[in-house]
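>>> Provide a 3D model corresponding to the input given below.
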Amino acid sequence: MPIHEYKCDHCGCQFETLVRTDAEAQCPGCGGRALRRQMSAFAVGGGSGVESSGDEVCGRCGNAPGSCAVN
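Numbers count the residues shown, from 1 in each chain. Prediction:
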């Protein structure tokens, strides 16, 4: 079961959840199912074997490390 990150179109709640292949995710805030899958921090920050250029961004909000807009 993979972990996916979502943002609810109805209430704006951002969350991550384990999702089975035969199941549909549901917002824990409002129960809505109109969700947009988000790029996970793991997918953005996963090692590729390429050296860093020093221009990294946060995997959750896209801002520079230490200036996260999500928190």
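
>>> Where do the helices of the chain begin and end?
Applying DSSP state H to the chain gives helices spanning 41-45.

>>> Tell me where the model's unsure across it.
1, 40-71 (pLDDT under 70).

>>> let's see it at 90
1-5, 16-25, 37-71 (pLDDT under 90).

>>> And the strands in it, which stretches?
3-8, 14-18, 35-38 (DSSP state E).

>>> Would you convert those strands into CSV that also reports mean neighbour count?
For the C-beta atoms, the positions are set from N, CA and C on the backbone; glycine is no exception. CSV is the format used below for those (neighbours: other C-beta atoms under 10 Å):
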stretch, mean neighbour count
strand 3-8, 16
strand 14-18, 14
strand 35-38, 14
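
>>> any chance of these in JSON lines, with distance to residue 27 too?
Shown next, in JSON lines, are the strands of the chain (distance: least, C-beta to C-beta, whole Å):
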{"stretch": "strand 3-8", "distance to residue 27": "4"}
{"stretch": "strand 14-18", "distance to residue 27": "7"}
{"stretch": "strand 35-38", "distance to residue 27": "6"}
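
>>> Show me the one of the ones you listed that comes nearest residue 28.
In terms of C-beta to C-beta, the element of the strands of the chain nearest to residue 28 is strand 14-18, at 5.7 Å.

>>> Report the angle between that closest one and strand 3-8.
140 degrees (axes from the mean of the first three to the mean of the last three C-alpha atoms, to 10 degrees).

>>> Please enumerate residues in contact with strand 14-18?
For strand 14-18, contacts defined as C-beta atoms under 8 Å, 6 or more residues apart in numbering pick out 1-8, 25, 27-29, 38, 40, 70.

>>> so what strands line up beside it?
strand 3-8 (antiparallel) (DSSP bridges).

>>> CA atoms only: put the strand it pairs with into CSV for me.
Taking C-alpha atoms only, strand 3-8 is exported to CSV below (Å, rounded to 0.1, in the frame of the first residue of the first chain):
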residue,chain,number,x,y,z
ILE,A,3,1.4,6.5,0.9
HIS,A,4,0.0,9.3,-1.2
GLU,A,5,-0.3,13.0,-0.4
TYR,A,6,-3.6,14.8,-1.2
LYS,A,7,-5.2,18.2,-1.1
CYS,A,8,-9.0,18.4,-0.7
